[in-house]
Every structure is written in C-alpha cells, then in structure tokens.
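Chemist: sequence plus the predicted model coming up.
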Amino acid sequence: MSTSPEHVRPDPPGPGSSTRVIRTAAAAVGRWPGAVGRFVWDFVVGDTPELAVGAVVVVVVVALLAHNGAARPVTVAAMPVLVTLMLGASVRRARRSRAAPQVEDTPGPEAPPPG
C-alpha cells in the first residue's frame, strides 16, 4: 500500500482528534486579525493614503477647535471647509499625475548599423 497523502486514512476519532480540532481552530483564529487588518487598511486607505491622512487631520483640527472653546459656528463651519480643501488638493494631485508624460516600455527606433 502506498503512503502518499491521497491514500492515507484519517485517524479514527480518539484522544488525539480533539487536539487536531483545537489546533485547526487556533490557526483559523490566528489568521483572523491579519485578514481584518488587511481589509481595514484597504477600506480606509485604499489607493489614496493622502485622503486617509487628510480625514484624520480634519477630525483632529475640528476636535481641537471644539475642545479649546472655539465658537460653535466656527467649529461647525471648519469641517466642510477643510474637507473641501483636502478634496481639492487630492484632485489637483491626481490631475498632475495624469498630465505627466507616460514613459512607454516599447523600444524606440533601432539605431542604424555602423559604417
């Protein structure tokens, strides 16, 4: 009889089977935080980390204004103004990156043979 993995019979339930289940469950639980972390990073940051940083900066500035006793209308008006500025800066950056000449990987015309 061959001992390749396809032909090996699983162990019958017994004293060691619960240990395998616990190890398998522990491995699954161990992978879960990494998967959640990757999802959150992709959801929050995605392709534009400057927007994630800008959102944090806007929230911190508004929180500081509110905490330091700025008038309520100033605090309420600050958020849309800061968000508009942040989005404008992001759009300007995206336009500049698209307007930059794209370097192609195709080779140019061959050089004439010497001589």
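Modeler: Received the coordinates, thanks.
Chemist: separation between Gly54 and Ala28?
Modeler: Using CB to CB, to the nearest Å, one gets 36 Å for the distance from Gly54 to Ala28. To be clear about C-beta, it is placed using only N, CA and C from the backbone, and glycine gets the same treatment.
Chemist: His67 now?
Modeler: Applying CB to CB to His67 and Ala28 gives a distance of 43 Å.
Chemist: which stretches of this protein aren't confidently modelled?
Modeler: Counting by pLDDT under 70, the chain contains low-confidence ranges at 1-22, 25, 100-115.
Chemist: comparing Gly54 and Ala28, which shows the higher neighbour count?
Modeler: Gly54 (18 against 9; other CB atoms under 10 Å).
Chemist: show me the contacts for the more buried one.
Modeler: Neighbouring residues of Gly54 by CB atoms under 8 Å, 6 or more residues apart in numbering: 86, 89-90.
Chemist: how about Thr48?
Modeler: Counting by CB under 8 Å, 6+ apart, the residues that Thr48 touches are Ser90.
Chemist: backbone dihedrals for it, please?
Modeler: Backbone torsions for Thr48, taken as degrees, to the nearest 10, come to phi -130, psi 80.
Chemist: separation between it and Ser97?
Modeler: Using CB to CB, Thr48 is found at 11 Å from Ser97.
Chemist: which elements pack onto the strand or helix carrying Ala89?
Modeler: Secondary-structure assignment from DSSP states H and E places Ala89 in helix 72-99. When contacts are defined as 3 or more CB pairs under 8 Å, 6 or more residues apart in numbering; DSSP states H and E, helix 72-99 packs onto helix 49-67.
Chemist: nice, that's everything, thank you.
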